[in-house]
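**Student:** no sequence on hand, only this structure:
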């Protein structure tokens with residue numbers, strides 16, 4: 001596998017190795033192009049490295065993660081100011097531009113960790129007061145954490161392989177065995193308290209070669225941007241290889257019929273079941289369905305205890321922002337005899353109507369921009385298709401992504 005192989009293609013290979021996609025030629029051309037436009041060189045470098053991380057969904061599932069660089073930028077009066085350029089709210093790491101890494105005055109940002117407590121609202125307000133550009137996006141909620149770590153380049157991802165290890169019942173034991181020189185931090189909700197906890201953990205182990213946040217993600221750092229990036233890749237590769245030694249299929253499949261209805265037959269029933277009464281006859285609020293299926297999704301949907309699994313909640317707490325905590329499970333959709341309630345003609349239950357949002361085979365989005373909800377259906381096989389919208393295609397990772405912001409991310 002060459003170094004520039006897209007993540008989506010790697011996911012389908014038996015060779016699980018994650019490899020560096022750093023390319024010196026691309027690096028030089030991208031950085032020089034920004035410098036020629038007057039962008040700070042350190043910021044241009046950080047933009048290139050951030051894109052490499054953001055283009056791999058195995059690293060930034062649901063947009064999770066952020067990066068930073070400490071540098072010096074001239075203020076409006078010409079004076080030099082030490083700043084932290086950290087990923088801002090509303091920018092996707094995979095297509096980030098320099099303006100997506102707003103500059104925050106470094107020393108007063110570091111001083112914020114000295115507070116005994118800060119509400120989320122006060123923290124956001126104080127961070128905004130320290131922006132060099134008052135029109136810049138909000139700095140990441142983890143900006144204080146980036147500021148207090150004494151390294152020039154810092155990378156942070158919510159890598160699938162890392163959280164898959166830390167989410168195990170004995171996750172801390174696993175990562176301590178795999179990364180004996182890394183700092184291990186228990187789960188704390190992102191924000192000011194996490195910065196305080198990580199500050200204490202780093203002071204206790206200042207020679208740590210990285211930081212693993214249980215049920216959250218991983219930090220790597222260096223004075224050199226390539227070293228920080230490639231240390232991230234190396235650690236995630238180690239985690240992937242450790243996972244490969246575990247149980248390949250953790251769910252015991254139920255005995256299922258092969259006579260399964262296609263998604264196009266199931267979708268209208270689900271859309272009707274979850275429609276919201278607006279009080280106007282014949283004008284309920286309806287949702288657009290997106291059908292998702294893969295070997296991993298079907299392993300989960302077809303588990304003999306699927307009804308229990310979908311009520312357990314997310315192992316990674318931050319995923320609740322995208323997938324919510326629970327789902328509704330439907331019986332297997334038998335061809336030519338589709339119904340919602342226990343394979344009879346009865347109407348959907350209140351629980352179905354209140355269905356929330358886990359990882360599953362169908363995701364609905366409301367016309368008013370509401371968050372998605374999910375319904376899990378048992379099926380022995382489903383084709384990859386969309387019930388009510390164009391087919392979903394795997395993500396692409398071009399060498400140079402389009403230079404425009406996409407959906408907000410944390």
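**Tutor:** Done, it's in. Just so it is clear, the model here is predicted, and its values are computed rather than measured. Numbers count the residues shown, from 1 in each chain.
**Student:** count the neighbours of the nearest residue to residue 232 once chain neighbours are set aside for me.
**Tutor:** In space, and not counting its chain neighbours, residue 232 is closest to residue 220: 4.4 Å by C-beta to C-beta, 6 or more residues apart in numbering. Every residue, glycine included, has its C-beta placed from N, CA and C. Using other C-beta atoms under 10 Å, residue 220 is surrounded by 24 other residues.
**Student:** what of the one 3 residues further on?
**Tutor:** Taking other C-beta under 10 Å as the criterion, the count of residues near residue 223 is 10.
**Student:** pLDDT weak spots in the stretch 251-400 of the chain?
**Tutor:** Within the stretch 251-400 of the chain, the segments meeting pLDDT under 70 span 251, 255-257, 317-325, 336-400.
**Student:** looks to me like residue 218 is in a strand.
**Tutor:** Yes: counting by DSSP: H, G, I helix; E, B strand; the rest coil, residue 218 falls inside a strand.
**Student:** that one is in contact with residue 161, isn't it?
**Tutor:** No: taking contacts as C-beta atoms under 8 Å, residue 218 lies outside contact range of residue 161: 9.3 Å.
**Student:** neighbour count winner among the two?
**Tutor:** Neighbour count, other C-beta under 10 Å: between residue 218 and residue 161, residue 218 has more, with 27 against 22.
**Student:** relative to residue 57, how far out is the more buried one?
**Tutor:** Distance of residue 218 to residue 57, given as C-beta to C-beta, to the nearest Å: 16 Å.
**Student:** coming back round to it: dump the residue contacts of the residue nearest to residue 232.
**Tutor:** If you count contacts by C-beta atoms under 8 Å, 6 or more residues apart in numbering, residue 220 has them with 154, 155, 210, 228, 229, 231, 232, 235.
**Student:** so which bits of stretch 73-83 are buried?
**Tutor:** Buried residues in stretch 73-83, counted by 16 or more other C-beta atoms under 10 Å: 73, 81, 83.
**Student:** need the residues you listed in JSON lines (columns: pLDDT, distance to residue 269 and secondary structure).
**Tutor:** Supplementary listing: the buried residues of stretch 73-83 in JSON lines, determined by pLDDT from 0 to 100; distance: C-beta to C-beta, whole Å; DSSP: H, G, I helix; E, B strand; the rest coil:
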{"residue": "73", "pLDDT": "96", "distance to residue 269": "57", "secondary structure": "strand"}
{"residue": "81", "pLDDT": "97", "distance to residue 269": "60", "secondary structure": "strand"}
{"residue": "83", "pLDDT": "98", "distance to residue 269": "55", "secondary structure": "strand"}
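**Student:** figure out how far the lengthiest helix in the chain is from the centre of its chain.
**Tutor:** Longest helix of the chain, by residue count under DSSP state H: helix 225-244. What separates the centre of helix 225-244 from the centre of its chain is 17 Å, taken as C-alpha atoms, centre = their mean, to the nearest Å.
**Student:** remind me what it packs against, helices and strands.
**Tutor:** Packing partners of helix 225-244 (3 or more C-beta pairs under 8 Å, 6 or more residues apart in numbering; DSSP states H and E): helix 41-54, strand 153-157, helix 160-166, helix 171-178, strand 217-222.
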